[in-house]
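Q: Show me the folded form of this:
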Amino acid sequence: MSSQHEVTYTLDFADRRRSGSKNQVVRESREDNPIPRIARLMALAIRLDGLIREQTLPNYAAVARRGRVTRARMTQLMKLLHLAPDLQEQILFLQPSSCLTERHLRLIVRQIDWHEQRHLFRELTSRQK
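A: Down below sits the predicted model:
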């Protein structure tokens, strides 16, 4: 990928229970945000991993609590980091029309061998077209 793109997200980890404000969920339509959801999840996993490594956040369990998701869902998200680096890059720069989801990638993430991951990814993306 020769061109460089920067995607910036602001994450609010305030504990809503203490502040007393209502937790509101904002849904983005595909027209508002042309970046595929899987690309945003990949970027989030990379960012959260960086925060853990910098010890800004103590562990994934704390991230799950603050994000109000289960530990299992946090594990699913963070397993995206087990993909080969070139596959992670491809996911980050997917076209907006891509229908690839995190669920599609679960079988690939289970593979330890990056060559096998690449093979399965090629098969998956060729079926998506």
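
Q: Does the residue nearest to the spatial centre of the chain lie in a helix or a strand, and which?
A: Among the residues of the chain, the one closest to the centroid is residue 41, at 2.0 Å (Cα atoms, centre = their mean). Using DSSP states H and E, residue 41 sits within helix 37-53.

Q: Quick one: list the elements packing against that helix.
A: helix 60-67, helix 71-78, helix 85-92, helix 102-110 (3 or more Cβ pairs under 8 Å, 6 or more residues apart in numbering; DSSP states H and E). Glycine gets a C-beta too; all of them are placed from N, C-alpha and C.

Q: Contacts only, for the residue nearest to residue 76 when sequence neighbours are not counted.
A: Closest residue in space to residue 76, ignoring its immediate chain neighbours: residue 102 at 6.6 Å, by Cβ to Cβ, 6 or more residues apart in numbering. Contact analysis of residue 102 by Cβ atoms under 8 Å, 6 or more residues apart in numbering lists 37, 38, 41, 76, 77, 80.

Q: show me where pLDDT drops low in this protein?
A: Within the chain, the ranges that satisfy pLDDT under 70 run 1-5, 7, 9, 11-33, 129.

Q: try 50 this time
A: 1, 17-19 (pLDDT under 50).

Q: Need the contact partners of the helix holding residue 41.
A: Contacts of helix 37-53 (Cβ under 8 Å, 6+ apart): 7, 9, 11, 33, 57-60, 63, 77-78, 80-81, 88, 91-94, 98, 100-102, 105.

Q: make it 7 Å
A: When contacts are defined by Cβ atoms under 7 Å, 6 or more residues apart in numbering, helix 37-53 is touched by residues 7, 57, 59-60, 63, 77-78, 80-81, 88, 91-92, 94, 100-102.

Q: now it against helix 71-78, angle please.
A: With axes from the mean of the first three to the mean of the last three Cα atoms, to 10 degrees as the basis, helix 37-53 and helix 71-78 are set at 100 degrees to each other.

Q: and the spatially closest residue to residue 87 that is not a sequence neighbour, how many neighbours?
A: Distances taken as Cβ to Cβ, 6+ apart place residue 121 nearest to residue 87, at 5.4 Å, with adjacent residues excluded. Around residue 121 sit 21 other residues, with neighbours defined as other Cβ atoms under 10 Å.
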